[in-house]
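[1] can't give you the sequence, but here's the structure:
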């Protein structure tokens, strides 16, 4: 089954976060991920809103986990955590 990688982000340091984005933009596709939403307009119905929302589709939860655990991505996560507040999850979906 496919999986969605869903991130909700408030960026505090755009320059550092931009460095993270450069790496994520390579690593995620390297593991079969395809971005289907990156920023853009949204409507928050419940819970805490974050200014930036990102969704990528992966062929499986395992592929998404491999992307997250990729050493290149883990280095970039350090930048993301220093530059933003975020939540990140992977959700399996029925195809």
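    That came through, no problem. Predicted model only: the values in this text are computed from it and were never measured.

[2] So, low pLDDT: which residues of this protein?
    Counting by pLDDT under 70, the chain contains no low-confidence residues.

[3] so where do the helices sit in this protein?
    Using DSSP state H, the helices found in the chain span residues 14-30, 61-69, 71-83.

[4] I'd like to know which of these is closest to residue 6.
    helix 61-69 (10.1 Å; C-beta to C-beta). Quick note: C-beta positions are derived from backbone N, CA and C, even for glycine.

[5] now that closest one, how far from the centre of its chain.
    11 Å (C-alpha atoms, centre = their mean, to the nearest Å).

[6] what do you get for stretch 50-60?
    5 Å.

[7] re the thing from before, so for residue 91, which of the helices of the chain sits nearest?
    Each of the helices of the chain has some distance to residue 91 by C-beta to C-beta; the shortest is helix 61-69, at 8.4 Å.

[8] Please tell me how far residue 12 sits from residue 73.
    In this structure, residue 12 lies at 20 Å from residue 73, with C-beta to C-beta, to the nearest Å as the measure.

[9] Tell me which residue lies nearest the centroid of this protein.
    With distances taken as C-alpha atoms, centre = their mean, the residue of the chain nearest its centroid is residue 7 (4.6 Å).

[10] who are the neighbours in contact with that residue?
    For residue 7, the contacting residues are 52-55, 86-88, taking C-beta atoms under 8 Å, 6 or more residues apart in numbering as the criterion.

[11] do the same with residue 2
    The neighbours of residue 2, taking C-beta under 8 Å, 6+ apart as the test, are 57-60, 92-93, 95.

[12] Could you give the backbone dihedrals for it?
    The phi and psi values for residue 2, taken as degrees, to the nearest 10, are phi -70, psi 170.
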